[in-house]
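Enquirer: Give me a 3D structure for the following:
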Amino acid sequence: MGFFLRKRVVSSAIPLVFVVLGVFCLARLTGNPVDLYLPLSATAQQRAEFSAAHGFDDSIAVQLWDYLAGAAHLDFGTSLRTGESAGSMVLQAFPVTLQLAGVTMLLAILGALVVGSLAAYRPNSLVDRIAGLLSMTAASIPDFWFAIMGVLVFGVGLDLLPTSGTLGGPEIWVLPIATLLIRPFGVLVQVVRGSMVGALSAPYVKVARSKGADAKRVVFGHALRNSATPVLTVAGDLTVGLVNGAVVVETIFGWPGIGKLMIDSILQRDFAVLQAAVLLTAVTIFALNILVDVCHALIDPRVRQAVPA
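Expert: Next comes the predicted model:
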């Protein structure tokens, strides 16, 4: 298991390095912060002093070295917008995103297990066809379109739900969670249904039925437990996608998470905050991928044996 874990860490760390270097270089293509933070009437001396104070007059290589050296000590610099520590700003926003993604994924998994299991218990029945239609539709709807329609219908048209912010009761969660939930729910229903159809036709399930086991025990006690591997793999990938894809939802709904912080940092050329936010997000995705691989290997020993030496 230790060898398997080391191989996964090394293979996953390489893309992390490219992400960090890529974001550092691409951020500078958004423009010179001097043009944004100083007035048009600023003199050449003022522009030079601003650049020198924030290290923008150094070469790209020197700026990259300073960034990597600071990141090694968890010092990501200060925000150009607020003067706060970039690391503290990111750490304040990231739990908001994790909370939103965690609640969403929990609801998606629970709902998909119930709907997918019911659909698989009676293949080609009315319940199965309805579940298939709804899951395919949910998996195909773009989240940005669903978010905009939710705001238009329930926020503007019916005036039932708030459309931005985090102040208020449980109703503030409805639209953001529904937007993030719809695609993972649709995909997981299809995965659960496909895995359960195969499991319910397995010999051990037939033996359980022949011994008089009731339907609930057969579905949830035998078949569902043995269908966990593909469901776990897909759920892990979808969780990573939720953390990474919360940018759209947080921007539309004004949710003060890491996604909105990234967009604001790009628009305002706040390089330090952007780099810290991307690095923390990349490390989190890296850790989630490792966790999914480890759980998969614990459930199915063949995964560990398949890793080449």
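Enquirer: What segments of the stretch 51-200 of the chain are strands?
Expert: Under the criterion DSSP state E, counting those that start in this stretch, the stretch 51-200 of the chain contains no strands.
Enquirer: which residues of it score low on pLDDT?
Expert: For the stretch 51-200 of the chain, no stretch is flagged by pLDDT under 70.
Enquirer: one more time with 90, if that's ok
Expert: 51-87, 92-105, 109-110, 112-128, 131-132, 134-135, 138-148, 150-151, 154-181, 190-200 (pLDDT under 90).
Enquirer: Let me see the ranges of the helices in it.
Expert: Using DSSP state H, counting those that start in this stretch, the helices of the stretch 51-200 of the chain run over 60-72, 86-121, 126-140, 143-150, 174-200.
Enquirer: check contacts around residue 79.
Expert: Residue 79 is in contact with 85, 86, 89, 270, 272, 273, counting by CB atoms under 8 Å, 6 or more residues apart in numbering. All C-beta spots, glycine's among them, are computed from the backbone N, C-alpha and C.
Enquirer: Give me the buried subset of the residues you listed.
Expert: 85, 86, 89, 270, 272, 273 (16 or more other CB atoms under 10 Å).
Enquirer: now the helices of the stretch 51-200 of the chain as CSV including distance to residue 53?
Expert: Listed next are those as CSV, based on distance: least, CB to CB, whole Å:
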stretch, distance to residue 53
helix 60-72, 13
helix 86-121, 16
helix 126-140, 50
helix 143-150, 38
helix 174-200, 38
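Enquirer: shaky segments in the stretch 201-309 of the chain?
Expert: 201-272, 275, 277-309.
Enquirer: how about a cut-off of 80?
Expert: 201-230, 232-233, 236-237, 240-247, 289-290, 292-309 (pLDDT under 80).
Enquirer: ok, which stretches of it are strands?
Expert: Counting by DSSP E, counting those that start in this stretch, the stretch 201-309 of the chain contains no strands.
Enquirer: pull the CA atoms of stretch 227-236 into PDB?
Expert: Extracted in PDB, the C-alpha atoms of stretch 227-236 (Å, rounded to 0.1, in the frame of the first residue of the first chain):
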ATOM      1  CA  SER A 227     -21.500  -1.700  -6.400                       C
ATOM      2  CA  ALA A 228     -19.600   0.900  -4.400                       C
ATOM      3  CA  THR A 229     -16.300   0.900  -6.300                       C
ATOM      4  CA  PRO A 230     -17.500   2.600  -9.600                       C
ATOM      5  CA  VAL A 231     -19.800   4.900  -7.600                       C
ATOM      6  CA  LEU A 232     -16.900   6.000  -5.300                       C
ATOM      7  CA  THR A 233     -14.600   6.600  -8.300                       C
ATOM      8  CA  VAL A 234     -17.100   8.800 -10.100                       C
ATOM      9  CA  ALA A 235     -18.200  10.600  -6.900                       C
ATOM     10  CA  GLY A 236     -14.600  11.500  -6.200                       C
END
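Enquirer: Residues in contact with it: which ones?
Expert: Counting by CB under 8 Å, 6+ apart, 105, 108-109, 113, 184, 187-188, 191-192, 194-196, 198-199, 288-289, 291-292, 295-296, 299-300 sit against stretch 227-236.
Enquirer: can you rerun that using 10 Å?
Expert: With CB atoms under 10 Å, 6 or more residues apart in numbering as the test, stretch 227-236 has contacts from 105, 108-109, 112-113, 116-117, 120, 184, 187-188, 190-200, 202, 224, 288-289, 291-293, 295-296, 298-300, 302-303.
Enquirer: So which bits of that stretch are buried?
Expert: Using 16+ other CB under 10 Å, the residues of stretch 227-236 that count as buried are 227, 228, 231, 232, 233, 234, 235, 236.
Enquirer: again with stretch 168-176
Expert: Here stretch 168-176 shows 172, 173, 175, 176 as buried, counting by 16+ other CB under 10 Å.
Enquirer: check contacts around the third one.
Expert: Taking CB under 10 Å, 6+ apart, we find residue 175 in contact with 146-147, 150-151, 153-155, 160-164, 249, 252-253, 255.
Enquirer: for the last one, same thing?
Expert: Under the criterion of CB under 10 Å, 6+ apart, the contact list for residue 176 reads 100, 103-104, 147, 150, 163-164, 166, 246, 249-250, 252-255, 257.
Enquirer: where's it relative to residue 151, distance?
Expert: 11 Å (CB to CB, to the nearest Å).
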